[in-house]
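Peer 1: predicted model, plus sequence, below.
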Number of protein chains: 2
Amino acid sequence: MPTIHDVARLAEVSIKTVSNVLNDYPHVRPATRQRVQAAIDALDYQPNLSARGLRSGRTGLVSLIVPDLTNAYFAELADVVMRAAEAQGLSVIIAQSGADRERELSLIRGPRMQMVDGILFSALALSEDDNDLLAAIKKPMVLLGERILHGPKDHVTMRNVEGSQAATAHLLERGRRRIVALGGDSAQGVGSAALRLEGYRRAHAAAGVEVDEDLVVEVVGWFRSTGAAAMREFLARGIPFDGLVAFNDLIALGAMRVLQEAGLQIPRDVAVIGFDDIDETRYSLPTLSTIDPGRSEIAEVALRFLADQFDHPDAARAPRDHLTAFRVVERESSASAR
Amino acid sequence: MPTIHDVARLAEVSIKTVSNVLNDYPHVRPATRQRVQAAIDALDYQPNLSARGLRSGRTGLVSLIVPDLTNAYFAELADVVMRAAEAQGLSVIIAQSGADRERELSLIRGPRMQMVDGILFSALALSEDDNDLLAAIKKPMVLLGERILHGPKDHVTMRNVEGSQAATAHLLERGRRRIVALGGDSAQGVGSAALRLEGYRRAHAAAGVEVDEDLVVEVVGWFRSTGAAAMREFLARGIPFDGLVAFNDLIALGAMRVLQEAGLQIPRDVAVIGFDDIDETRYSLPTLSTIDPGRSEIAEVALRFLADQFDHPDAARAPRDHLTAFRVVERESSASAR
DNA sequence: GTGAAAGCGCTAACAC
DNA sequence: GTGTTAGCGCTTTCAC
């Protein structure tokens, strides 16, 4: 492997000049720059990034910690994060926590974090009770999602309450009055579940419709399977309903399947809306209305926050919060005609 | 940040001894080891991985290049690759190529590859015509998938022809005689499409059933949307059929949706089988029969090959090939009763 | 079993 | 505008 010295020798300059060229230092004579570039090309030289990282303290790597990439929401999040990172010349190391507390902790404190410039952390097990543990992390870090709303780090998430309120209002406006809320999780305490349930309640209050607590259904773990199981149990209870707000798209897709097996038509008998706008919602049968959480914005802002932290390492400013704009996406599952 | 010197000072040993402890060098007196460990804990010392990488030439990083993480197949592949990597103490940098030739090239030759120990490359645009370009890459590399079957690098993939043959046979055995093959792509030349089409033909030959070329339908780009569009066009042609082999699950899911919109029942009117065994196939309506490509095996073997290349950098042995075991997964979409 | 010292390839302070 | 040089934190060779 050629080094900067080989390039310098071939171009008949010092290594400093080569380094200047590599780092786009402006005060290099064009002729010199050209000669150096020619040598770089001739040798097919690539800078050793470990050496650069050691010297500069910056590796150009960020870590993205998510619960599980096989969850379409996080795969799509990873996609936009990687695009936003690349735009800043950063590469992304992805790690899966499995939503496990011990794993989340060992990931954010583990040796690998030593070699990244910053961490994008989508927490699912750690909570605000662990704020002191998070505060102990000195690396630049941005929290994603709603598990930790008021943590010691910058934070980016969607407007959960408002999003869920809009989703619920969407069904209320279409004349539905007995809307199931699928996805609460009282054990979880805080997090998306509580916020989305709050939005559900607010929409009812705003519309002057009372919430029947029988319609508020818990789902532990937001997967197709748990959504399907919860809906199966709910149907068995024989409680009448005409709408369904699912707290993520996977729950909605699992539930839709059960509804259809039971002979119910969507949206005629039950209007359905989900949350996340994963790609699959465009192709399900029927296509699924949902809330677009503004994923690209989440990724872009999160990386901007991270870059700010790189650039001002000891700025002791209060952690920032950014709430992205969401959008109600109407598809077949909540189409107006009934 | 504490360094190895700080640890050495606190433990009252030399940095060599600290290094020995860190690297599990066996000949360290237990008492010494313990003292060093105490100092490491006290200082919350973590080795600087850039320095280690510079010195040792190994970063503990591998790159996984896939077309697109939002495609469930690749997200699930990334999942198993990350698990297998972690078992070897490696972290994974994921990069998306968008199935674009220029991007594939710039990724495998780009500066970031300089800092990884090896590359897992799921090519979709480069082909065997580019073998010389691939051979020029000196980094350990393993090719994934069937785009490049006989390249200059170790290679891991599923048994495409046999898998497709089994899928087709599965429908033939259930009495289907007019089976649509959805997913051919003549422009692509080689790759999964051609192999899976070959399997389709072999199954027919083996069963003594002639292939009606009208039933062989091209799909450019293997997504839900293209599967749906291709099926829509095919239906418009009014050609009778009673079975469908889709060359991946997304095509199958898109096509199933169109079939159902058209009032056809699955599997009664059309039995359907896909390819890849993505999670969604367990929850679609109906659940989708498919071919499980042995993803975990792909990941494990690929990483084993990579590790072999790390350990024997200049072993000039011929590139190895590994074909994984597949499995026909029967679900509702091809259930026998009709 | 442990220590001293060299050096991996780069950046940046400083000199000219 | 370009050259010289120190040193980032680690592994490793070679003594002892």
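Peer 2: Structure's in. What do you need?

Peer 1: hey, let's count contacts and neighbours off CA atoms from now on
Peer 2: Fine.

Peer 1: and the pLDDT for whatever residue of the stretch 101-250 of chain A ends up closest to DNA strand D?
Peer 2: Nearest residue of the stretch 101-250 of chain A to DNA strand D: A:Q114, at 9.8 Å (CA to the nearest atom of the strand). For A:Q114, the pLDDT comes out at 92.

Peer 1: hang on, it in a helix?
Peer 2: Yes: under DSSP: H, G, I helix; E, B strand; the rest coil, A:Q114 falls within a helix.

Peer 1: close enough to count as contact, it and B:Q46?
Peer 2: Yes: the pair A:Q114 / B:Q46 is scored as a contact, 7.1 Å apart, by CA atoms under 8 Å.

Peer 1: quick one: contacts for the residue of the stretch 101-250 of chain A closest to DNA strand D?
Peer 2: B:Q46, B:P47, B:N48, B:L49 (CA atoms under 8 Å, 6 or more residues apart in numbering or on different chains).

Peer 1: please redo it, this time with the cut-off set to 10 Å
Peer 2: Neighbour list for A:Q114: A:T59, A:I108, A:K139, B:Q46, B:P47, B:N48, B:L49, B:S50 [criterion: CA atoms under 10 Å, 6 or more residues apart in numbering or on different chains].

Peer 1: likewise for A:M231?
Peer 2: So A:M231 contacts A:180, A:182, A:217-219, A:225, A:237, A:251-252, A:254-259 (CA under 10 Å, 6+ apart).

Peer 1: and whichever helix or strand it is part of, what's its mean pLDDT?
Peer 2: Using DSSP states H and E, A:M231 sits in helix A:224-236. Averaging pLDDT along helix A:224-236 yields 94.

Peer 1: chain center to it: distance?
Peer 2: 26 Å (CA atoms, centre = their mean, to the nearest Å).

Peer 1: would you mind writing the CA trace of that helix as PDB?
Peer 2: Extracted C-alpha coordinates of helix A:224-236, given in PDB (Å, rounded to 0.1, in the frame of the first residue of the first chain):
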ATOM      1  CA  ARG A 224     -47.700  -8.100  12.600                       C
ATOM      2  CA  SER A 225     -48.200 -11.100  14.800                       C
ATOM      3  CA  THR A 226     -49.000  -9.200  18.000                       C
ATOM      4  CA  GLY A 227     -51.400  -6.900  16.100                       C
ATOM      5  CA  ALA A 228     -53.100 -10.000  14.600                       C
ATOM      6  CA  ALA A 229     -53.400 -11.700  18.000                       C
ATOM      7  CA  ALA A 230     -54.700  -8.600  19.800                       C
ATOM      8  CA  MET A 231     -57.400  -8.200  17.100                       C
ATOM      9  CA  ARG A 232     -58.300 -11.800  17.300                       C
ATOM     10  CA  GLU A 233     -58.900 -11.500  21.000                       C
ATOM     11  CA  PHE A 234     -60.700  -8.300  20.600                       C
ATOM     12  CA  LEU A 235     -63.100  -9.800  18.100                       C
ATOM     13  CA  ALA A 236     -63.800 -12.600  20.400                       C
END
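
Peer 1: flag every buried residue along the helix or strand following that helix.
Peer 2: Where DSSP H and E defines the elements, the next helix or strand beyond helix A:224-236 is strand A:243-246. Going by neighbour count (16 or more other CA atoms under 10 Å in any protein chain shown), the buried part of strand A:243-246 is A:G243, A:L244, A:V245, A:A246.

Peer 1: same deal with stretch A:222-237?
Peer 2: Taking 16+ other CA under 10 Å as the criterion, stretch A:222-237 shows A:W222, A:F223, A:R224, A:S225, A:T226, A:G227, A:A228, A:A229, A:A230, A:M231, A:R232, A:F234 as buried.

Peer 1: so A:T70 makes contact with B:F74?
Peer 2: Yes: using CA atoms under 10 Å, A:T70 is in contact with B:F74, at 9.1 Å.

Peer 1: now list whatever residues contact both of these two.
Peer 2: With contacts defined as CA under 10 Å, 6+ apart, the residues shared by A:T70 and B:F74 are B:V80, B:I278.

Peer 1: chain B contacts on the stretch 101-250 of chain A?
Peer 2: By CA under 10 Å from any CA of the partner chain, the residues of the stretch 101-250 of chain A that approach chain B are A:R109, A:G110, A:P111, A:R112, A:M113, A:Q114, A:M115, A:V116, A:R224, A:S225, A:A228, A:L250.

Peer 1: give me phi/psi at the second one?
Peer 2: When quoted as degrees, to the nearest 10, the phi and psi of A:G110 stand at phi -70, psi 170.

Peer 1: for the one helix or strand A:L143 maps to, packing partners?
Peer 2: For A:L143, the element it lies in under DSSP H and E is strand A:141-144. On a contact count with 3 or more CA pairs under 10 Å, 6 or more residues apart in numbering or on different chains; DSSP states H and E, strand A:141-144 meets strand A:61-66, strand A:118-122, helix A:131-135, strand A:154-158, helix A:295-311, strand A:321-324.

Peer 1: try 6 Å
Peer 2: strand A:118-122, strand A:154-158 (3 or more CA pairs under 6 Å, 6 or more residues apart in numbering or on different chains; DSSP states H and E).

Peer 1: could I get these as CSV with distance to A:S97?
Peer 2: Below are the helices and strands packed on strand A:141-144 laid out as CSV (distance: least, CA to CA, whole Å):
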stretch, distance to A:S97
strand A:118-122, 9
strand A:154-158, 19
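
Peer 1: dump these to CSV, plus mean neighbour count and mean pLDDT.
Peer 2: Below are those laid out as CSV (neighbours: other CA atoms under 10 Å in any protein chain shown; pLDDT from 0 to 100):
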stretch, mean neighbour count, mean pLDDT
strand A:118-122, 25, 96
strand A:154-158, 25, 95
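
Peer 1: mind exporting the strand holding A:L143 as CSV, just the C-alpha atoms?
Peer 2: Taking C-alpha atoms only, strand A:141-144 is exported to CSV below (Å, rounded to 0.1, in the frame of the first residue of the first chain):
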residue,chain,number,x,y,z
MET,A,141,-25.2,11.6,20.6
VAL,A,142,-28.7,12.3,19.3
LEU,A,143,-31.7,10.4,20.6
LEU,A,144,-34.4,9.3,18.2
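
Peer 1: mean confidence for it?
Peer 2: On average, strand A:141-144 scores 96.
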